[in-house]
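J.: predicted model and sequence below, questions to follow.
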Amino acid sequence: MAEVLVYVDHVDGAVRKPTLELLALARRIGEPVAVFLGSGVDTAAPMLAEYGATRVLAADVPEFGAYLVAPKVDALQAAYATVSPAAVLVPSSVEGKEIAARLAVRTRSGLITDAIDLEAGEEGPVATQSVFAAAFTTKSRVSKGTPVITVKPNSAAPEVSPAAGAVEQLAVTVADLSKGTEVVSRTPRESTGRPELTEAAIVVSGGRGVNGQENFHIIESLADSVGAAVGASRAAVDAGWYPHANQVGQTGKSVSPQLYVAVGISGAIQHRAGMQTSKTIVAVNKDAEAPIFDLVDYGVVGDLFQVVPQLTEEISARKG
Amino acid sequence: MTMRIVVCVKYVPDATGDRYFAEDLTTDRDAVDGLLSELDEYAVEQALRIAEAADDAEITVVTVGPEDAKDALRKALSMGADKALHVEDDDLHGTDVLGTSLVLAKAVEHTGYDLVLCGMASTDGSMGVLPAILAERLGVPQMTLLSELAVQDGVVTGRRDGDLASEELRAALPAVVSVTDQSGEARYPSFKGIMAAKKKPVESLDLSDLGIEEDQVGLENAWTTVLEATQRPARTAGTIVNDEGEGGKQLAAYLAEGRFV
Ligand SMILES: Cc1cc2nc3c(=O)[nH]c(=O)nc-3n(C[C@H](O)[C@H](O)[C@H](O)COP(=O)(O)OP(=O)(O)OC[C@H]3O[C@@H](n4cnc5c(N)ncnc54)[C@H](O)[C@@H]3O)c2cc1C
Ligand SMILES: Nc1ncnc2c1ncn2[C@@H]1O[C@H](COP(=O)(O)O)[C@@H](O)[C@H]1O
């Protein structure tokens, strides 16, 4: 059976959930071969094997951390040369998309970004995408070279499917051209203890209606009562009430959770672009005319300062 | 020496209008008015700021797109760019990102550059990968998705806020840079700027001028094929209740029914 390269997204060996989703999708079109770059492969390999990786190609050179993106492209290209895969799947993170794009150029292959589903087709894998702020759904395939496809988080359920997953060292030579952009320093984002925004099953977001940084605890309490990640509209971010890393929308994160709760958010097109594919959408807004109500499965027209604390309290009461 | 700044700008259908696909499954450019991709205004803005801080700089804006794409160039010129290059060719219709990047790379080389600036993503395709591809094709450093940026003594520095960390980056020119909407609000064209733009030079080139074979671009030769495009069904109308003192409880009941709590 044809092999499919799966680029592993991880933090020091802790495999992030979108990679497990990719392994499940890869199994639909071939045998997943994981490509693991950086430190921690011993931690990661058993998990990758459990979710279906037949092999784990690993490399760890200092250039991965010292220079932006390009050294990882060199490594993925080396894996590509070793395996001659039927397709290459990469998580749609900021960095993942750029790595995939540069690999596509080097391998003279077509590129599909931000797929939300993937299935086998007669002429190669068929990817589903959501475009124009989710107004349309398209199906596409790569028509030249080896399909290089990036896949958004929450596009498939991870599936346990034990495979060998033996670790093999991948020899990587980083080209001088790939050392052009120096990473002078790196400040990891502080962990909030809440789920990662793009991976969370539930997202609770606050907008301009929250009316101040000091009120965001209302959003956070609701989020914590249901184990959700916290998001924010650009208006709330621009006002300095919440970090930009939490912005949902066209120029922030794109999320597709089981449940999206929009609080004090009007529902501008740029916000919708980042949340419209959520399975269930609910909103609290005092303006019955707010466009967000066109999207909702359930909406409450009312003052968030009344409705949300009552909601949080009721949820806690129900949990007992 | 004059610092040569090239800004890549895209002409896109207005995102606030209803966008559609044409019959050949390319973006329908007739259904909605087009304009300079909003996110590219941030790139033009940074170019202007860098040029203002430099002793001597010249800004060229480049677009690959249909006849109407000149509107995007005019807007950038009215903001303050010096000159424009429009790559236009009937054979370009339906070109995807790999083809477009090939054309842009040739166009940028044709112009001559020390610094190439791009937006973070186009508001129609919104792949956000063209700048990385451009760096790959040009064989120069990639400084992408910067929310802060400075150029001094032939070196670009900037901050990139990634998924997991913020990174301070540094590269020697020539380089390809893309900037986010956090980099600083774009200026509005002044009346004087709009008048001046009318007299600024706009060069037009086609594929043969750039030495690009037609079999490398266009819908027929695209690296990807769109098989179908379906309009997302309108969401079925949801339940909307007015809060009469029990709104929070009602919402909790709804969420419990959906097993979210
Ligand atoms: C290039 C570009 C990119 C952009 N990218 C993004 C993006 O990524 N993400 C994004 O979100 N936006 C983005 N925007 C901005 C977007 O256009 C909107 O301006 C923004 O989403 C508005 O945020 P908001 O809904 O919080 O604020 P508003 O539109 O001001 O809405 C606030 C809402 O809160 C309600 N409200 C007020 N008080 C209360 C109360 N006490 N109780 C209940 N409801 C209340 C109001 O009725 C109103 O509907 C972008 C814009 C541009 C031009
Ligand atoms: N046809 C084009 N002409 C000029 N610049 C473009 C074109 N397409 C994309 N770009 C540039 O590349 C950036 C990212 O585009 P994309 O990868 O399509 O999201 C844009 O913000 C522009 O700066």
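T.: Ah, there it is. Ligands and ions are numbered 1, 2, ... in the order given.
J.: up against ligand 2, what does the stretch 101-250 of chain B have?
T.: B:Leu104, B:Cys118, B:Gly119, B:Ala121, B:Ser122, B:Gly125, B:Ser126, B:Met127, B:Gly128, B:Val129, B:Leu130, B:Pro131 (CB under 6 Å from any ligand atom). C-beta coordinates here come from the backbone N, C-alpha and C atoms, glycine included.
J.: can you pull out the helices in the stretch 51-200 of chain B?
T.: Remark: helices assigned in the stretch 51-200 of chain B by DSSP state H, counting those that start in this stretch are B:70-79, B:97-111, B:130-138, B:191-197.
J.: so what's residue 200 closest to, chain neighbours aside?
T.: In the absence of a named chain, this looks at chain A. Setting aside the residues directly before and after it, A:Ala200 is nearest to A:Ala229 in space (CB to CB, 6 or more residues apart in numbering or on different chains), at 3.6 Å.
J.: that's the wrong chain, I wanted chain B
T.: Closest to B:Lys200 by CB to CB, 6+ apart is B:Leu77, at 4.8 Å.
J.: so that neighbour sits against B:Val61, correct?
T.: Yes: in this structure, B:Leu77 is within contact of B:Val61 by CB atoms under 8 Å, at 6.8 Å.
J.: what do the two both touch?
T.: B:Lys83, B:Ala84 (CB atoms under 8 Å, 6 or more residues apart in numbering or on different chains).
J.: okay, the two: which has more neighbours?
T.: B:Val61 (31 against 26; other CB atoms under 10 Å in any protein chain shown).
J.: show me what contacts that one?
T.: Neighbours of B:Val61 in contact, by CB under 8 Å, 6+ apart: B:Val6, B:Val7, B:Cys8, B:Val9, B:Val44, B:Leu73, B:Ala76, B:Leu77, B:Ala81, B:Lys83, B:Ala84, B:Leu85.
J.: same deal with B:Val62?
T.: Per CB under 8 Å, 6+ apart, neighbours of B:Val62: B:Val6, B:Val7, B:Cys8, B:Val9, B:Ala84, B:Leu85, B:His86, B:Val87, B:Leu104, B:Ala107, B:Val108, B:Thr111.
J.: next one: the nearest residue to it once chain neighbours are set aside from chain A, what distance?
T.: Counting by CB to CB, 6+ apart, the nearest residue to B:Val62 once its immediate chain neighbours are dropped is B:Leu85, at 4.6 Å. Using CB to the nearest CB, to the nearest Å, we find B:Leu85 at a distance of 22 Å from chain A.
J.: pLDDT score for B:Leu85?
T.: Looking at B:Leu85, its pLDDT is 98.
J.: how many other residues sit next to it?
T.: Neighbours of B:Leu85 (other CB under 10 Å): 20.
J.: in terms of pLDDT, where does the closest residue to B:Val155 other than its chain neighbours sit?
T.: Once flanking residues are discounted, B:Val155 sits nearest to B:Ala172: 5.6 Å by CB to CB, 6+ apart. We note a pLDDT of 98 for B:Ala172 in this prediction.
J.: who's in contact with B:Ala172?
T.: Contacts of B:Ala172 by CB under 8 Å, 6+ apart are A:Gly180, B:Pro141, B:Gly154, B:Val155, B:Val156.
J.: any figure for the gap between it and B:Val97?
T.: Applying CB to CB, to the nearest Å, the value for B:Ala172 to B:Val97 is 27 Å.
J.: cool, and A:Gly274?
T.: 21 Å.
J.: and A:Pro188, by the same measure?
T.: 31 Å.
J.: so for the two, which sits in the more crowded spot?
T.: B:Val97 (25 against 10).
J.: ok so, going back, tell me which of the contacts of B:Val61 fall in strands.
T.: When the contacts of B:Val61 are checked against strands (DSSP state E), the matches are B:Val6, B:Val7, B:Cys8, B:Lys83, B:Ala84, B:Leu85.
J.: just the local confidence number for the second one, please.
T.: It stands for B:Val7. On the pLDDT scale, B:Val7 gets 98.
J.: that one touches B:Ser37, doesn't it?
T.: No: using CB under 8 Å as the test, B:Val7 is too far from B:Ser37 to be in contact (11.6 Å).
J.: tell me the one of the contacts of B:Val62 nearest chain A?
T.: B:Leu104 (12.6 Å; CB to the nearest CB).
J.: neighbours of that closest one, how many?
T.: 27.
J.: ok, now which ones touch it?
T.: B:Cys8, B:Val62, B:Val64, B:Val87, B:Leu130, B:Leu134.
J.: just A:Thr181 next, same as before
T.: By CB under 8 Å, 6+ apart, the neighbours of A:Thr181 are A:Tyr67, A:Leu68, A:Val69, A:Ala70, B:Pro141, B:Gln142, B:Met143, B:Leu169, B:Arg170, B:Ala171, B:Ala175.
J.: per-residue pLDDT, the residue nearest to it when sequence neighbours are not counted?
T.: Computed as CB to CB, 6+ apart, the closest residue to A:Thr181 that is not its neighbour in sequence is A:Leu68, at 4.0 Å. You'll see A:Leu68 listed with a pLDDT of 98.
J.: so what's the residue count around A:Tyr7?
T.: For A:Tyr7, the count of nearby residues is 26 (other CB under 10 Å).
J.: that one and A:Asp60, how far apart?
T.: 15 Å.
J.: equivalent analysis for B:Lys10, please.
T.: From B:Lys10 to A:Asp60 the distance is 38 Å (CB to CB).
J.: then A:Pro85?
T.: For A:Pro85, the distance to A:Asp60 - CB to CB - is 21 Å.
J.: higher neighbour count, the two?
T.: With neighbours defined as other CB under 10 Å, A:Pro85 and A:Asp60 compare such that A:Pro85 has more, 25 against 16.
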